Structures are given as C-alpha cells and as structure tokens.
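Engineer: below is the sequence, then the predicted model.
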Amino acid sequence: MKYIFGPVFSRRLGLSLGVDLVPHKVCSMDCLYCEVGKTTEKTLKRAEYVPFDAVKAELEEFLSYEPDIDYITFSGYGEPTLFSRLGELVNYIKENYPYRLALLTNGSLLHRDEVLEEIREVDVVLPSLDAVTQEVFEKINRPVSGLTIEMVIEGIEKLIKMGTSEVWIETLFVKGMNDTEEEIEKLGEAIHRLKPHRWQLNTVARPPAYDVRGLSFEELERIKEKVGYPATEIIAHSRARRKKMPISEIKKEIYNLVTRRPCPVDEIASALGILEEEAERVVEELLQEKKVEEIFFGSTPYIKGKV
Ligand code: SF4
C-alpha cells in the first residue's frame, strides 16, 4: 500500500486508517515542530498530488476486509486539503462505506467555500491553531507567503458555523514561541469566541524538523487553567501521564485496550501516551499473570487480552 497506512492507534481517534493525499513534503506551512520533516514544496496550490484512482483502489482493497476501525483519517505527509479531489474522495467513502472520517489540517484552506463544501461529510475535523498573532504564526508555522493567521481563524470560524462536523482545535506549544502570557491570553480569547467541540493542547514530543523544545505537563496544565475553556484536554506528554497514572492504572488500561483489539507494544504505548519501555514492562507482567497472550500476525507480535 502506497497511500494508505495503519491502522494505527491514537489516543484521539482510536484505531485509525491513515490516507496520504500529498507526497513528502508538500505543505502550505513549514512548522518548526513538524514530525514529518522540513517542507520542500511550500504552496497553497491545490492539485491531484497523488493519483485519485490509485488511492481509491487501495482503499477498496483494504476495506473489502471490513476492518474494525474507528476512523479513516486524511493526514500524513503534508496538508491534505491541498489534494484537489478531496471532496470526491470524501463522498466516495461516505457513499460506499460505514466508516467515520477524520481530517487533520493546518486550516490554511478552510476559508475557501469550495474546500468547506468538500469536507461537509467529514465527521471530525482537527484544525491546528498554534498562534493568533501574525508575528508568532510566522515564527512557529512559517506559512507560505500570502497566508495570514486571519485567514486561518476565519476558516475555522466558518467551519464551526457550518455545523456539519465536530471540530477539535489543536494547539501545539513550543518553548519560547507561542507560550508567552500575551499570546496565551489572545489564544484563549480566540478559543472562547470560536467555541470548538474540543480544544486539545499538545507540545513537541517527537523529533521535530527544527531544533525546538516542548513544554512540560505542568506548563500545559497551567495554560489549561489560565484559559479555562471547559472542553480542553491535554493530549501530550507521556511523562506527565506516567507521573499521573500509577502502574495499576496503566495495567488496567492496557488490558482493556488489548481485550478490545490485539495490538503491538508500540501501538499500546502510543495509544496510552506512555513510553514503549514502560508498555513493554507492564505487558511482561500481564503475560506472566496470564491475563494477556502474545499472538503473531505475519512476523509482528500482537498482545491479546484473555477474557
Ligand atoms: S502543517 Fe502539519 S505537515 Fe505542514 S509543516 Fe506543519 S506540522 Fe508539518
């Protein structure tokens, strides 16, 4: 499979099948923290960056097995709304399959009515909003020339007003960039005004494209308290989760997870937001207690809960 990947577990979306609609690395931004790498083609031009028919054929093949997944997610190597046939793909999936759709987007094209129309049937849209002032936007997201933060905010506002999708805004905090008191205050005002279904706080957790650092869990918690938006959740920080979650809790969560669906240790770790070594250690205990077993799918070991 070239254009679809996974399914992978994520804490936000459960078991999700990823669809890549732009190649490495086409994007309208070049974020300091990007996990995919530095943007090589910074653009706002929409095009059929990957062949529509090939994506459709891969989906058809994979979905013919009727996999038990929570979402099909448009994400991957760059900004998925740059794919000019996104609307056709959304409609094709919705007309033929029962799956929920999710879209991870940097929000750069949401101000365009035709893009909003195309994503009308997407169940959950997760736009990023890391800044509200042009200065910080340019520092952290390094947008293509001509793209302003007003355009991004206007797009998110239009999407929320359209009311067809759940909207979960993600803000990723980078040390020394968007964590000043002033920016947080303005961000908070924007979030209270926009009223997304969820506001998700994240920080640098994987190797970033540029040399930047993230915030601690305590710092994210302070931002959450300061802004005081009710539907806020911190989605980052394995260390924080570890500190907050006793081993017995982790054990219970892993057991619940693998009883629902067998999964490899790295997916368990990412689903729970804990370190892989920690997941390994707890899985080992569960294996010894005979609460779970190891099964193989191909050459990959999966952990499966015994009921
Ligand atoms: S918008 Fe997303 S894909 Fe594009 S550079 Fe930023 S983090 Fe990377």
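Structural biologist: Ah, there it is.

Engineer: what number of residues lie near the residue in the stretch 101-250 of the chain positioned nearest to the ligand?
Structural biologist: The ligand sits closest to Asn106 of the stretch 101-250 of the chain, with a gap of 3.5 Å, by C-beta to the nearest ligand atom. For every residue, glycine as well, the C-beta is placed using N, CA and C. A count of neighbours around Asn106, defined by other C-beta atoms under 10 Å, yields 26.

Engineer: tell me the contacts of it?
Structural biologist: For Asn106, the contacting residues are Cys27, Ser28, Met29, Cys31, Glu79, Pro127, Ser128, Asn141, Val152, by C-beta atoms under 8 Å, 6 or more residues apart in numbering.

Engineer: and the ligand, which of the residues you listed contact it?
Structural biologist: When contact is defined as C-beta under 6 Å from any ligand atom, the contacts of Asn106 meet the ligand at Cys27, Met29, Cys31, Glu79.

Engineer: list just the nearest of the contacts of Asn106 to Ala271.
Structural biologist: Nearest to Ala271 out of the contacts of Asn106 is Ser128 (C-beta to C-beta; 21.4 Å).

Engineer: which SSE is Thr39 in?
Structural biologist: Assessed by DSSP states H and E, Thr39 sits outside every helix and strand.

Engineer: verify the stated contact: it with His24.
Structural biologist: No: at 9.5 Å, Thr39 and His24 do not qualify as touching, with contact defined as C-beta atoms under 8 Å.

Engineer: any buried residues in stretch 41-56, and which?
Structural biologist: Buried positions in stretch 41-56, judged by neighbour count with 16 or more other C-beta atoms under 10 Å: Glu41, Lys42, Thr43, Leu44, Arg46, Tyr49, Val50, Phe52, Val55, Lys56.

Engineer: now flag whichever of these is closest to the ligand.
Structural biologist: Lys42 (8.7 Å).

Engineer: about what we covered before: nearest to Ile119 among the buried residues of stretch 41-56?
Structural biologist: Lowest distance from Ile119 to the buried residues of stretch 41-56 (C-beta to C-beta) belongs to Arg46, with 12.9 Å.

Engineer: need phi/psi at the closest residue to that closest one other than its chain neighbours.
Structural biologist: Computed as C-beta to C-beta, 6 or more residues apart in numbering, the closest residue to Arg46 that is not its neighbour in sequence is Ser84, at 4.2 Å. In terms of degrees, to the nearest 10, the main-chain angles of Ser84 are phi -70, psi -20.

Engineer: Ser84 against Ala47, yeah?
Structural biologist: Yes: look at Ser84 against Ala47 with C-beta under 8 Å: they come within range, at 5.4 Å.
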